[in-house]
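Colleague: Take this sequence and fold it.
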Amino acid sequence: MSLPQPDSSFEVIGGARDRFLPSLGYLSRPYTPYPYIASNRHVETIFASFFRSPPKVRYRRQCIRTKDDGVVALDWVSGDDRLLPPDSPVLLLLPGLTGGSEASYARHMLVRARNKGWRVVVFNNRGCGSSPVITPQFYSASFLGDLCEVVSHVNALYPDANVYAVGWSLGANLLVRYLGQESHNCPLSGAVALCNPFNLVLTDDNFHKGFNNVYDKAIAKGLRKNFKKHAFLFEDIGGEYNIELAKNAKSIREYDEGLTRVSFGFKSVDEYYSNSSSADSIKHVQTPLLCIQAANDPIAPSRGIPREDIKENPNCLLIVTPKGGHLGWVAGGHAPFGSPWPDPLVIDFLQHLESASAKSGTSWLNPQGDRQSKEASHHLEV
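Modeller: The predicted structure follows:
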């Protein structure tokens, strides 16, 4: 039987192309951007950020105390502990740089997965989504410690379930770096990365060009606002920290110079960006991974995608849409106010992995069917 072919509007490559393409019938339909809004990548990006309707979700918050005495917040769908069986697949959502469980794109994905009977949880980085900050450390593109503890914790809570993850933007970069770091020992059964910047050096360079300065200033404003709430924790901290620069940063780079690169032990911002990029992680990924990018993304430039490594990795598939902006994808039947275009594709991919696992009684990455079990982090319910 011949392999189904995606519509010519998409770029589809990867070592896992033949393996996963049969499950992605959604790609047989052409990409249909919404008129006017999607005609300009900046209009599409801004429209999706401000005007996409977020579904209503009732959360139950769980705060986890990390090994370094910090706190991250997990938001579960309220009531699912009573409604879902313990072996229901779990989907962990990783929002972007300043995003959390309030993000419309995360809520749309949550509702779609929940309607398929999945248990869903949103990982809020320190200070994001009103997650508490109780120590002088936030989060970064380089730091995987919190994500490792969260995945371990979720696996320990539901040892009979497969755990999957979806990440957007910075969350996608963190997720791919985590998959590469854990490689053969990764306890996730599958993952999806959307609008991954991949190469943070190129991303930083892009922020200083033309209209992209607007995004740089807007994101810096969000970082400043979050930091100022917790600046008292950094009083008299000394060292190379420049707290005033972080509090008044006009760009992401200034914020990272004053705070982030010092917190995580880098000599310069360029060293931080270079060492925190996920492009080099692809070659080490052993978990089924779907990457979805937009060719006209103003923040995660297409030229930063590690296409050759994705082609050579039998676990990876890349789909590039002709338009979409950054976290926009105002296209398809749910446009303009509904869910982003990739959401049905993401769920089809994850459902395919879960169905294959159920039929064989094993995980994709563990043919013996033995689940990785790690000690759960100490946690507090709030």
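
Colleague: ok, how many other residues are close to Arg52?
Modeller: Arg52 is flanked by 23 other residues according to other Cβ atoms under 10 Å. Using the backbone N, CA and C atoms, a C-beta is placed for each residue, glycine as well.

Colleague: what's near enough to touch the nearest residue to it once chain neighbours are set aside?
Modeller: In this structure, Arg52 finds its nearest non-sequential neighbour in Ser104, 4.5 Å apart by Cβ to Cβ, 6 or more residues apart in numbering. For Ser104, the contact set (Cβ atoms under 8 Å, 6 or more residues apart in numbering) comprises 48, 52-55.

Colleague: what's the answer for Ser268, then?
Modeller: Arg261 are the contacts of Ser268 under Cβ under 8 Å, 6+ apart.

Colleague: Local confidence estimate at it?
Modeller: Note on Ser268: pLDDT of 98.

Colleague: Ala358 now?
Modeller: 78.

Colleague: domain parsing for this protein?
Modeller: 11-198+279-381, 200-276 (automatic domain parsing).

Colleague: about what we covered before: and the residue nearest to Arg52, how far is that from Pro340?
Modeller: Distance, Ser104 to Pro340, by Cβ to Cβ, to the nearest Å: 9 Å.

Colleague: How is the residue most central in space within the chain assigned, secondary-structure-wise?
Modeller: The centre of the chain sits closest to Gly167, judged by Cα atoms, centre = their mean, with a distance of 1.6 Å. What DSSP: H, G, I helix; E, B strand; the rest coil gives for Gly167 is strand.

Colleague: Repeat that for Asn206.
Modeller: helix.

Colleague: Over to Asp75?
Modeller: Secondary structure, three-state DSSP: Asp75 is strand.

Colleague: List the contacts of it.
Modeller: 59-62, 100-101, 121-122, 124, 129.

Colleague: how does it look with 6 Å?
Modeller: 59, 61, 101, 122 (Cβ atoms under 6 Å, 6 or more residues apart in numbering).

Colleague: any idea how far the residue nearest to Arg52 lies from Tyr26?
Modeller: In this view, Ser104 and Tyr26 are 21 Å apart by Cβ to Cβ.

Colleague: By neighbours, which of the contacts of Asp75 wins?
Modeller: That'd be Val122 among the contacts of Asp75, by other Cβ under 10 Å, with 29 neighbours.

Colleague: Just give me the neighbour total for the spatially closest residue to Asp69 that is not a sequence neighbour.
Modeller: Closest residue in space to Asp69, ignoring its immediate chain neighbours: Thr135 at 5.6 Å, by Cβ to Cβ, 6+ apart. Using other Cβ under 10 Å, Thr135 has 14 other residues around it.

Colleague: likewise Ala172?
Modeller: Neighbours around Ala172, by other Cβ under 10 Å: 28.

Colleague: pretty sure it is in a strand, no?
Modeller: No. Checked against three-state DSSP, Ala172 lies outside a strand; its state is helix.

Colleague: Just the helices from the stretch 151-300 of the chain, written as ranges.
Modeller: Taking DSSP state H, counting those that start in this stretch, the helices of the stretch 151-300 of the chain run over residues 170-182, 200-207, 212-229, 243-247, 252-255, 261-263, 269-276.

Colleague: Which one of these lies nearest to Ala73?
Modeller: For these, proximity to Ala73 was assessed by Cβ to Cβ; helix 212-229 is nearest, at 13.5 Å.

Colleague: What residues sit buried inside that closest one?
Modeller: For helix 212-229, the buried set under the neighbour-count rule, 16 or more other Cβ atoms under 10 Å, comprises 212, 215-216, 219-220, 223-224, 226-227.

Colleague: what about the stretch 251-382 of the chain, any weak spots by pLDDT?
Modeller: The stretch 251-382 of the chain contains residues with pLDDT under 70 at 359-382.

Colleague: neighbours of the closest residue to Ser278 other than its chain neighbours, just the number please.
Modeller: Nearest non-adjacent residue to Ser278, counting by Cβ to Cβ, 6+ apart: Val176, 3.9 Å away. When neighbours are counted by other Cβ under 10 Å, Val176 registers 28.

Colleague: how about Val176, what does it touch?
Modeller: 193, 278, 281.

Colleague: can I get the residues you listed in CSV with distance to Ala246?
Modeller: Converted to CSV, those look like this (distance: Cβ to Cβ, whole Å):
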residue, distance to Ala246
Ala193, 28
Ser278, 24
Ser281, 28
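
Colleague: Can you tell me which of the residues you listed lies closest to Ser355?
Modeller: Of those, the one sitting nearest to Ser355 (Cβ to Cβ) turns out to be Ala193, at 21.4 Å.
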